[in-house]
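# how does the following fold in three dimensions:
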Amino acid sequence: AELDEIMLCREITGDLLMGLNDSKEVHLPFLEKTGGSVVVLAAAYDEENREWMLYDDFSVEKLAFPKLKEIGESFSSLPNRVVKSIEMPMLEKIVAGLSIYENEMLELLDFSNLREVLMWIVITDCTNIRTISFPELRDVYTGGFDGKGSVEISKNGSLIEIDFPKLERVGSALVITSNPALEYFEFPFLKQASNNNTGVWVDFNHSLVSFSFPVLENIYGELMIRGNSSLEKFSFPELIKITAAFSDLWIEDNDKLKSFSMPKLNLVGGEFVLQSNNSLTSFELESLSRVGYNFSITNNRELPTAKADALVVQILERDGIGGEIGVSGNKNAPDDPPLPQCKDGDKFCLEHKELYWSDPPPYSVALSNAIKYCEDLGGRLPTISELKTLIQNCPATETGGSCGVTDSRLSYACWLSGVDDEDAQDSPCRGCFWQNSGKYSVFGDMSTLWSSSVPSEDIGSAWLVDFRYARIVPPNPKYLKYAVRCVRVD
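Numbering: from 1, shown residues only. Below you'll find the model as predicted:
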């Protein structure tokens, strides 16, 4: 009866709510505009148990608004196990956002003429949907320097196609995550993504083999590419900047990733992390000139360390790296132990300043295993003062230098050496300019070595030396794994 009352309406000035309903189809053939929202109200949220409670008496399988052109606020289809199709082929504008989540039976979306959504598109947990297409959509953006607007497509178990052939701008976030059947996608005309530090996330799409953003130039936020276990390659041929102070680039845990290309990228405003991509052999980053914070290329088993080192040198020779530098665990890594020198049963063949040192083992260990390894070898783990005797070419952390950490001074305050905690970057214990050449070690070490020295504040940790910087490393938890050299006093 209620449907009959509005069947001839061309405009609804307020909201259109579709709740408990025994109709199989909601069809409004003349509706052209709503002043408020359109809501499929098929569930209620239980705040106490933090879950949706589905209405048993909701029966609508099809929504059809063939002439609807504008929704004055948002469209939402709340969780349900009934709706199979949502058809609004003439809809051009949604003033706020579009939300479709946990529509388990949904198979068809028709927004074939939608051109503008100001604030968000979220399509998530729709088990049966295979194609998500917005062929005319150009903007998800509210306007202004800090403009909002996000697209999230996530956890759609059967999704195999994403189609946004004309999308040019997203205001705050583009998230493509946890769509297990998706193999490929492309945003052919997207030029700008994010104005407020959210960015572009492509992660945990386990069938994804490749994707492309051929004209994307700027990301004012993070770029996260993580956990895509089948991903083999991707490209951002026009990307110039990942900007803003905390805009990170993370490429991590993509097991089959062999290569990626960002030939014009010159700035990463935050961290650069390239980590645990087990098949990665190459990348194109020939324009990268500045990383605003920490830089890390670690545990990429097939990536030549020489290529990682060359990228570090390239950036340092241009505009620099604003934080820590870490390069380790890659192919032929020079941070692996130097070639063994002790032969013929002499396990402590390396002498320096009346101490006799062993070769390091070809693996990293936790502190307890480091202690046992040295005992079994016939020696012991060195103290921090003994380990400092191996530092060279960096006066501040050599024995007698301005770094105040010694066997008799093991508190964190000694590491600060007269500077405030807020100014820890200025501590002389931080060592010297990064080198991956063995320059700072008497024996050519390029890794971080355990000492046996435990700080008074935390007996669950121990001091270390990182020979890439000649740095005295503040106490790390004992369960972490680092390299070890054993010492013996004759």
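
# end to end, how far does stretch 115-127 reach?
End-to-end distance for stretch 115-127, by CA to CA, to the nearest Å: 26 Å.

# make 41 the first number, not 1, from now on.
Okay, using 41 as the starting number, the last item reads as stretch 155-167.

# what residues sit buried inside it?
If you call a residue buried by 16 or more other CB atoms under 10 Å, then stretch 155-167 has these buried ones: R155, V157, L158, M159, W160, I161, V162, I163, T164, D165, C166, T167. (Each C-beta comes from the backbone N, C-alpha and C, glycine too.)

# any idea how far the second one lies from V79?
Read that as V157. 16 Å (CB to CB, to the nearest Å).

# quick check: closest non-adjacent residue to L307.
Excluding its sequence neighbours, the residue lying closest to L307 (CB to CB, 6 or more residues apart in numbering) is K281, at 4.6 Å.

# cool, L395 as well?
Here the residue nearest L395, using CB to CB, 6+ apart, is V527, at 5.4 Å.

# and what of E113?
S77 (4.2 Å).

# tell me the contacts of that neighbour?
Shown in contact with S77 (CB atoms under 8 Å, 6 or more residues apart in numbering): D55, L56, I111, G112, E113, S114, F115, S116, A136.

# pick the one among the buried residues of stretch 155-167 closest to L314.
T164 (28.7 Å; CB to CB).

# quick one: that closest one and G197 touch, right?
No - assessed by CB atoms under 8 Å, T164 is found out of contact with G197, at 10.9 Å.

# next, count neighbours for the residue nearest to L307.
Neighbour count of K281, defined by other CB atoms under 10 Å: 17.

# correct me if wrong: it contacts L305.
Yes - K281 is within contact range of L305, at 7.5 Å (criterion: CB under 8 Å).

# and for V210, the neighbour number?
The number of residues packed near V210 is 31, by other CB under 10 Å.

# now do the phi/psi pair for it.
With angles defined as degrees, to the nearest 10, V210 sits at phi -130, psi 130.

# with E223 instead?
Note on E223: its backbone torsions stand at phi -110, psi -30 [degrees, to the nearest 10].

# which ones are touching it?
So E223 contacts I200, S247, L248, V249, S270 (CB under 8 Å, 6+ apart).

# show me what contacts the first one?
Going back to what we said before, that points to I200. R170, T171, A221, L222, E223.

# widest-spaced pair of those residues?
Taking CB to CB as the measure, the contacts of I200 span a maximum distance of 13.0 Å, between T171 and E223.

# alpha carbons of the helix or strand hosting V505, as PDB, please.
V505 belongs to strand 501-506 when assigned by DSSP states H and E. Coordinates of the C-alpha atoms in strand 501-506 are reproduced here as PDB (Å, rounded to 0.1, in the frame of the first residue of the first chain):
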ATOM      1  CA  SER A 501      67.100  -6.600  26.600                       C
ATOM      2  CA  ALA A 502      70.800  -6.000  25.700                       C
ATOM      3  CA  TRP A 503      73.000  -3.500  23.900                       C
ATOM      4  CA  LEU A 504      74.200  -3.900  20.400                       C
ATOM      5  CA  VAL A 505      76.500  -2.400  17.700                       C
ATOM      6  CA  ASP A 506      75.200  -1.700  14.200                       C
END
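
# tell me what it is packed against?
helix 424-428, strand 488-490, strand 511-517 (3 or more CB pairs under 8 Å, 6 or more residues apart in numbering; DSSP states H and E).

# find the nearest non-adjacent residue to D203, please.
Leaving aside its chain neighbours, D203 sits nearest to S173 (3.9 Å; criterion: CB to CB, 6+ apart).

# could you report the separation of the one you found from S218?
Distance from S173 to S218, by CB to CB: 20 Å.

# of these two, who's got more company?
S218 (18 against 15).

# and A348, which of the three is it?
When classified by DSSP: H, G, I helix; E, B strand; the rest coil, A348 comes out as helix.

# looking at it, it is touching F335, isn't it?
No - assessed by CB under 8 Å, A348 is found out of contact with F335, at 9.8 Å.

# who has more neighbours out of the two?
Remark: of A348 and F335, F335 carries more neighbours, 26 against 23, as counted by other CB under 10 Å.

# picking up where we left off before, can you say which of the contacts of I200 are buried?
The neighbour-count test (16+ other CB under 10 Å) marks L222 as buried among the contacts of I200.

# and which of the contacts of I200 is nearest to Q315?
Looking across the contacts of I200 and measuring by CB to CB, the closest to Q315 is L222, at 23.2 Å.

# residues contacting the closest one?
L199, I200, E201, I202, I216, N245, S247, L248.

# looking at these, which is nearest I499?
For the contacts of L222, the nearest to I499 is N245 (44.2 Å; CB to CB).

# how close does the closest one sit to F253?
On the measure of CB to CB, N245 and F253 end up 15 Å apart.

# the residue nearest to L395: how many residues sit nearby?
For V527, the count of nearby residues is 23 (other CB under 10 Å).

# surely it touches E426?
Yes - using CB under 8 Å, V527 is in contact with E426, at 5.7 Å.

# list the residues that contact both of those two?
Counting by CB under 8 Å, 6+ apart, the shared contacts of V527 and E426 are L395.

# confirm D44 sits in a strand?
No - checked against three-state DSSP, D44 lies outside a strand; its state is helix.

# ok, it to W455 distance?
Taking CB to CB, one finds D44 at 78 Å from W455.

# what about those two, which has more around it?
Neighbours per residue (other CB under 10 Å) separate D44 from W455, with W455 holding more: 23 against 7.

# thinking again about what came up before, mind listing which of the contacts of L222 are in strands?
E201, I202, I216 (DSSP state E).

# can you redo these as TSV with neighbour count and distance to Y522?
TSV is the format used below for the ones in strands among the contacts of L222 (neighbours: other CB atoms under 10 Å; distance: CB to CB, whole Å):
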residue	neighbour count	distance to Y522
E201	14	47
I202	21	43
I216	23	37
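
# from those residues, pick the one nearest W474.
I216 (34.9 Å).

# ok, that closest one - contacts?
I216 is in contact with I193, S194, I202, L222, F225, W241, V242, N245, F251, counting by CB under 8 Å, 6+ apart.

# test for you: state the pLDDT assigned to the closest residue to the third one other than its chain neighbours.
When you say that, I think you mean I202. Nearest in space to I202, with sequence neighbours left out and distances taken as CB to CB, 6+ apart, is F225 at 4.4 Å. pLDDT for F225: 95.

# kindly report the same for M93.
On the pLDDT scale, M93 gets 77.

# pLDDT weak spots in the stretch 241-390 of the chain?
285, 373-380 (pLDDT under 70).

# quickly note the distance from the closest residue to G137 other than its chain neighbours to E192.
The shortest distance from G137 to any non-neighbouring residue, by CB to CB, 6+ apart, is to W160 (3.6 Å). Distance, W160 to E192, by CB to CB: 7 Å.

# verify the stated contact: K296 with S319.
Yes - counting by CB under 8 Å, K296 does reach S319; the two are 5.1 Å apart.

# need the residues touching each of these two.
Common neighbours of K296 and S319, using CB under 8 Å, 6+ apart, are E272.

# re earlier: can you redo the contacts of L222 as JSON lines with distance to C434?
Below are those laid out as JSON lines (distance: CB to CB, whole Å):
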{"residue": "L199", "distance to C434": "54"}
{"residue": "I200", "distance to C434": "56"}
{"residue": "E201", "distance to C434": "56"}
{"residue": "I202", "distance to C434": "52"}
{"residue": "I216", "distance to C434": "45"}
{"residue": "N245", "distance to C434": "45"}
{"residue": "S247", "distance to C434": "49"}
{"residue": "L248", "distance to C434": "45"}
